[in-house]
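Student: okay, structure incoming, though there's no sequence with it:
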């Protein structure tokens, strides 16, 4: 299977070069150009060659989407020019998609049959939780073969029932930040100080290892990077689950700030840049969104402008209202409260206005 990943990714690099040079980014057009060459030079099966071509085209679609969204910087930036000036490249161990013709699941025996460059390997056992096994019964589409830290994983796409969102009785506002990862309009502060201590400890460890520049230091850096990513994902899952449960229990929706492109819009001091750019804004928002959809909880994204400067009590907006990172004091009505709590209340108010105005998709009342 490791050899199969290597061969498929070498083939994908060749197809990517052809797609880049000749401007062939659509699957059917690129397939006509490289299909027989991939089979002859790399010994790929018919369906494996088709999956390689589709993988390359999907990579260019993702690249175009990132450029359009501004994730690679503004037009003319070095990062954007570099991404547009060369073909997409695939690592030797990059994930490879398989469809039902070249990968077969046997859920009763918990085995899979996989096509490889050495022929089809049958009855390969797999392990998963009982809950995941139930979800696999509704599996649909491709499965991705992933090699991670010497272990093989199969990532499958499944379909789950999605209930219609209910009519919310108000909104639970959520202010996302760096010092306090999430603060709700109920006044709850989620995963603040403890997570930041963990991140600072890893940041200091990375700095020490990067100075060494030895092979062993690089191996450790790679290991702790993955560990930190897993910890961040676990924390985001926990926060998202708690927020959705609270909103569902109180029959409210969830209000979030639209933080798209925040890294390009927000400027930070040098010592703050690491914290700003290493925090997974999009991941937490994505986790909240999909968990809410599974529970039928409405989610509304609002404009984040001035949510930290506007008084949630009287509506007066002034930059001097934000006395410090944690303290908000309105210069008009005199209300004093936690700054993130004030921001989350403003987010909840805006979501309610947007919902009542009908500017978002609302559940059918028929």
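Tutor: That came through fine. These numbers were taken from a predicted model, which means no experiment stands behind them. Residues are numbered from 1 along each chain as shown.
Student: contacts, neighbours, all on C-alpha from now
Tutor: Fine.
Student: show me the domain layout of this protein.
Tutor: For the chain, automatic domain parsing gives the domain ranges 2-92, 98-158, 171-191+236-357.
Student: turn these into CSV, including distance to residue 218 and mean pLDDT.
Tutor: Converted to CSV, the domains of the chain look like this (distance: least, Cα to Cα, whole Å; pLDDT from 0 to 100):
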stretch, distance to residue 218, mean pLDDT
domain 2-92, 18, 94
domain 98-158, 15, 92
domain 171-191+236-357, 19, 85
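Student: buried residues, the longest strand along the chain. List them.
Tutor: In terms of residue count, the longest strand belonging to the chain (DSSP state E) is strand 139-148. Within strand 139-148, the residues scored as buried using 16 or more other Cα atoms under 10 Å are 139, 142, 143, 144, 145, 146, 147.
Student: contacts made by that strand with the rest, please.
Tutor: Contact partners of strand 139-148, identified using Cα atoms under 8 Å, 6 or more residues apart in numbering, comprise 2, 93-100, 103, 152-159.
Student: dihedrals phi and psi, residue 341?
Tutor: phi -60, psi -40 (degrees, to the nearest 10).
Student: burial of it, as a residue count?
Tutor: When counting by other Cα atoms under 10 Å, one arrives at 26 neighbours for residue 341.
Student: show me where the protein has its helices.
Tutor: 2-22, 27-42, 46-68, 78-84, 130-136, 193-212, 215-249, 262-265, 270-278, 281-295, 339-357 (DSSP state H).
Student: now the angle from the first one to strand 139-148?
Tutor: The one in question is helix 2-22. Counting by axes from the mean of the first three to the mean of the last three Cα atoms, to 10 degrees, helix 2-22 points 100 degrees away from the direction of strand 139-148.
Student: and the angle for helix 2-22 with helix 46-68?
Tutor: Using the same axes, to 10 degrees, helix 2-22 lies at 60 degrees relative to helix 46-68.
Student: which residues does the closest residue to residue 346 other than its chain neighbours contact?
Tutor: Of all residues not flanking residue 346 in the chain, residue 312 sits nearest, at 5.4 Å (Cα to Cα, 6 or more residues apart in numbering). Residues near residue 312 by Cα under 8 Å, 6+ apart: 342, 343, 345, 346.
Student: same thing with residue 238?
Tutor: Taking Cα under 8 Å, 6+ apart, one finds nothing in contact with residue 238.
Student: kindly report the same for the one 10 residues further on.
Tutor: By Cα under 8 Å, 6+ apart, the contact list for residue 248 reads 295, 297.
Student: roughly how far apart are it and residue 292?
Tutor: 9 Å (Cα to Cα, to the nearest Å).
Student: do residue 220 as well
Tutor: Distance from residue 220 to residue 292, by Cα to Cα: 37 Å.
Student: looking at the two, which is more packed in?
Tutor: Neighbour count, other Cα under 10 Å: between residue 220 and residue 292, residue 292 has more, with 25 against 14.
Student: wait, the more buried one touches residue 298, no?
Tutor: Yes - if you go by Cα atoms under 8 Å, residue 292 and residue 298 touch, sitting 6.8 Å apart.
Student: center of this structure, which residue is that?
Tutor: For the chain, the residue nearest the mean C-alpha position is residue 283 (4.1 Å; Cα atoms, centre = their mean).
Student: so who does that residue touch?
Tutor: Counted by Cα under 8 Å, 6+ apart, residue 283 has contacts 233, 236.
Student: got it, and residue 109?
Tutor: Contacts of residue 109 by Cα under 8 Å, 6+ apart are residue 125.
Student: ok, now residue 209?
Tutor: Contacts of residue 209 (Cα under 8 Å, 6+ apart): 217, 218, 220, 221.
Student: do you know how far it is from residue 195?
Tutor: For residue 209, the distance to residue 195 - Cα to Cα - is 21 Å.
Student: same check, this time on residue 38
Tutor: 47 Å.
Student: neighbour count winner among the two?
Tutor: residue 38 (26 against 18).
Student: right, and that one touches residue 11 too?
Tutor: Yes - contact between residue 38 and residue 11 holds when scored by Cα under 8 Å: they sit 6.2 Å apart.
Student: so residue 325 is in contact with residue 339, correct?
Tutor: Yes - shown here, residue 325 and residue 339 form a contact pair, counting by Cα under 8 Å, at 6.8 Å.
Student: more crowded one of the two?
Tutor: Legend: neighbour count by other Cα under 10 Å for residue 325 and residue 339, higher for residue 339 (23 against 11).
Student: ok, that one - contacts?
Tutor: Taking Cα under 8 Å, 6+ apart, one finds 308, 322, 324, 325, 326, 327, 328 in contact with residue 339.
Student: residue 175 too?
Tutor: Residue 175 neighbours (Cα under 8 Å, 6+ apart): 182, 183, 184, 256, 257, 340, 341, 343, 344, 347.
Student: so what's it bridging to?
Tutor: residue 183 (DSSP bridges).
Student: how near is it to residue 310?
Tutor: From residue 175 to residue 310 the distance is 13 Å (Cα to Cα).
Student: can you mark which positions in stretch 346-353 are buried?
Tutor: 346, 347, 348, 349, 350, 351, 352.
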